[in-house]
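Colleague: fold the following and give me the result.
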Amino acid sequence: MDIKPFIKYVGVNDHKVDLFEGQYIVPNGMAYNSYVILDQKVAVMDTVDADFVDKWLENIDKSLDGRQPDYLIVQHMEPDHSSGIQAFADRYPAAQIVASAKAFPMMQAFFGEDFADRRVVAGDGVTLSLGERTLAFVTAPMVHWPEVILTYIPEEKVLFSADAFGKFGALDVEEEWDCEARRYYIGIVGKYGAQVQAVLKKAAALSIECICPLHGPVLTGDGIKNALEKYNIWSTYAVEDKGVTIAYASIYGHTAAAALELADMLEDAGVTVEKFDLARDDMAEAVECAFRYDRLVLAASTYNNDVFPFMRTFIDHLTARNFQSRTVAFIENGSWAPAAQKVMRAMLENCKNLSYANNNVTIKSALNDDSSAALAALAQELSAL
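Modeller: A predicted model of the protein is given here:
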């Protein structure tokens, strides 16, 4: 596949993977993107996951048409992008390895080799001429590892963006960019909003007509505009859409019944609602929606004078990603000593700019007239926001 006449796609689609990074469900697989830039000199942009190194090397050979690569550009050392470094180095012994200063110690850790005799250290202000085109490097620390660099071709207005602007899903499956890019960003990069903002400021100084990420499709035109707008929203923890996420963790179904009854009330009032059974639904999608919408309801049973474990895990995911600037409401259940609300609120105490609903709900075993009335009051309050 040609991205441009001088840029060849040599990445692979992975439909064997069930959990990306050991935790994210990827029903449509993953793409591990790699590119070859053909100029007077040849540069290969990143490698692929270990299971696909042989296929990747085959793709490179086909794209080179008998030429030899001069450089391997390593933008990111995560194993789904770096596993082919040693194999590439062995196959092309004259090629130099280009990466940030922080990447080479990682190569030593992964491969027992830091390529000291063939390395080129890249960073802000460093350029590399390929002939007609120049590679200009931009550091992007903690987006989302410390060694990350981006690569820009000013003559062509092309940005190779490492993991930035990527998404879940293989390239041979058509699906909306926003949803799986959001789930990918919030899950993997979400903690590093300030660092993403710093990179966006660097990108604003560049004229960009094409973005080539390490996951997901190449972006052009309105796709670039949309991606930049979404990244600005996500990295500032701003509200993307009006709506309510209801996340519930229920033991025998009574807490779930209350959560679903609240969802019905809100939907009847015309409110957008996303609801998640934290024990059964995709936790990462629930986290994604909590960051997408402006209101969040946490509904959980008391468990060992604490909160049901699935809810504790969910809130841990939120706080680890700097959850903030939302309205939160609680539904708790406890047959003799309800404690879930107190625990959940304490877990959120270090989150910035949270507002809390006035009409929270306490259930003792099952809904009754009093708790149903409290549920209706909560629905009315949330609907008015």
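Colleague: now do the contacts for Phe160.
Modeller: Residues near Phe160 by C-beta atoms under 8 Å, 6 or more residues apart in numbering: 35, 45, 73, 75, 150-152, 212-213. Placement of C-beta: from N, CA and C, glycine included.
Colleague: please apply the same query to Ala259.
Modeller: 246, 248, 250, 275, 297, 299, 331.
Colleague: name the SS class of it, please.
Modeller: Taking DSSP: H, G, I helix; E, B strand; the rest coil as the rule, one finds Ala259 in the helix state.
Colleague: could you check the pLDDT of it?
Modeller: pLDDT recorded at Ala259 is 98.
Colleague: in the stretch 1-150 of the chain, which spans are strands?
Modeller: 2-4, 7-9, 12-14, 19-20, 24-25, 30-32, 35-38, 42-45, 71-73, 96-99, 119-121, 127-129, 134-139, 149-153 (DSSP state E, counting those that start in this stretch).
Colleague: for those, which one sits closest to Thr362?
Modeller: strand 24-25 (33.3 Å; C-beta to C-beta).
Colleague: paired strands for that closest one, with orientation please.
Modeller: Paired neighbours of strand 24-25 in the sheet (DSSP bridges): strand 19-20 (antiparallel).
Colleague: circling back: could you dump the strands of the stretch 1-150 of the chain to a markdown table with mean pLDDT, distance to Gly169 and mean neighbour count?
Modeller: Below are the strands of the stretch 1-150 of the chain laid out as a markdown table (pLDDT from 0 to 100; distance: least, C-beta to C-beta, whole Å; neighbours: other C-beta atoms under 10 Å):
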| stretch | mean pLDDT | distance to Gly169 | mean neighbour count |
| --- | --- | --- | --- |
| strand 2-4 | 91 | 18 | 14 |
| strand 7-9 | 97 | 16 | 22 |
| strand 12-14 | 98 | 9 | 19 |
| strand 19-20 | 96 | 10 | 14 |
| strand 24-25 | 96 | 11 | 17 |
| strand 30-32 | 98 | 7 | 25 |
| strand 35-38 | 98 | 18 | 23 |
| strand 42-45 | 98 | 20 | 25 |
| strand 71-73 | 98 | 24 | 23 |
| strand 96-99 | 98 | 27 | 24 |
| strand 119-121 | 97 | 33 | 15 |
| strand 127-129 | 98 | 31 | 14 |
| strand 134-139 | 97 | 26 | 21 |
| strand 149-153 | 98 | 22 | 23 |
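Colleague: which one of these lies closest to Phe52?
Modeller: strand 12-14 (4.3 Å).
Colleague: ok, and what's touching the closest one?
Modeller: 29-32, 34, 48-49, 51-52, 55-56, 59, 170-172.
Colleague: how about 10 Å then?
Modeller: For strand 12-14, contacts defined as C-beta atoms under 10 Å, 6 or more residues apart in numbering pick out 20, 26, 28-34, 48-49, 51-53, 55-56, 58-59, 80, 169-173.
Colleague: quick one: Phe314 and Glu285 touch, right?
Modeller: No: between Phe314 and Glu285 there is no contact under C-beta atoms under 10 Å: 11.3 Å.
Colleague: give the residues shared as contacts by these two.
Modeller: Phe276.
Colleague: which of the two has more residues huddled nearby?
Modeller: Just comparing Phe314 and Glu285: by other C-beta atoms under 10 Å the higher neighbour count belongs to Phe314, 25 against 19.
Colleague: so when I look at that one, I'm seeing a helix, right?
Modeller: Yes: counting by three-state DSSP, Phe314 is found in a helix.
Colleague: what's the closest of the strands of the stretch 1-150 of the chain to Ala269?
Modeller: Closest among the strands of the stretch 1-150 of the chain, using C-beta to C-beta: strand 24-25, at 31.6 Å.
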